[in-house]
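any chance you could fold what I've pasted below:
(one chain, ligands or ions: 2)
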Amino acid sequence: MLISAELNKAFNEQIGRELLASHQYINIASYFDGRALKKLAAMFFKQSEEEREHAMKFVQYLNDVGGKVEVPAVGAPKSDFQSAEEAVRLALQWELDVTKHINDLMTMANEQKDYAAREFLDWFVKEQIEEVSTMQDLLQIVQQVGEHYLIMVEAYLSHGGE
Ligand SMILES: [Fe+2]
Ligand SMILES: [Fe+2]
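Ligands and ions are numbered 1, 2, ... in the order given. Below is the predicted model of the structure:
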């Protein structure tokens, strides 16, 4: 086994967070779909798939190093939103929290001189920069156009903005 019990446990907790993010984004995507904002919906469905892929990267890594995969209980994500801004703000807050957790995992890997885990986590460090920036941009756009003109966000997303 090429991973400590402590890091193994922390990785399993991260699998839970990635899956919760995946589920949260299904709810956000569906909220947008319910408002006929198909591009925003598509963007969050895609994000949902990516979060599942993130969870699976941790699963694969644990299996590769002979660790034990234990998918934890995942709570219910939020499903009621008063506005697009509230939904996007939740996504941004989530990405910021995940970034903090990835950094904590990196700290743990460093302390344990687990260089394989460090290299594995490097990918997530970079990915989080992109994820946070995407959500920050989207939040700004949504705030600037306002709730009644979200159709303009759809146009923005159609032209490759994200
Ligand atoms: Fe993720
Ligand atoms: Fe993410």
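
find the nearest non-adjacent residue to N8, please.
G67 (4.4 Å; Cβ to Cβ, 6 or more residues apart in numbering). Bear in mind the C-beta positions are built from the backbone N, C-alpha and C, glycine included.

could you say which helix or strand contains the one you found?
If you go by DSSP states H and E, G67 is not part of any helix or strand.

equivalent analysis for E49, please.
Counting by DSSP H and E, the element that carries E49 is helix 38-64.

now whichever helix or strand comes after that helix: buried residues?
Next in sequence after helix 38-64, counting helices and strands by DSSP H and E, comes helix 84-111. The neighbour-count check on helix 84-111 (16 or more other Cβ atoms under 10 Å) flags 84, 87-92, 94-95, 98-99, 101-102, 105-106, 108-109 as buried.

picking that back up, shouldn't the residue nearest to N8 be in contact with K9?
No - contact criterion Cβ atoms under 8 Å: G67 and K9 do not qualify, at 9.5 Å.

name the residue in the two with the higher neighbour count.
Shown here are G67 and K9; by other Cβ atoms under 10 Å, G67 has more neighbours (21 against 15).
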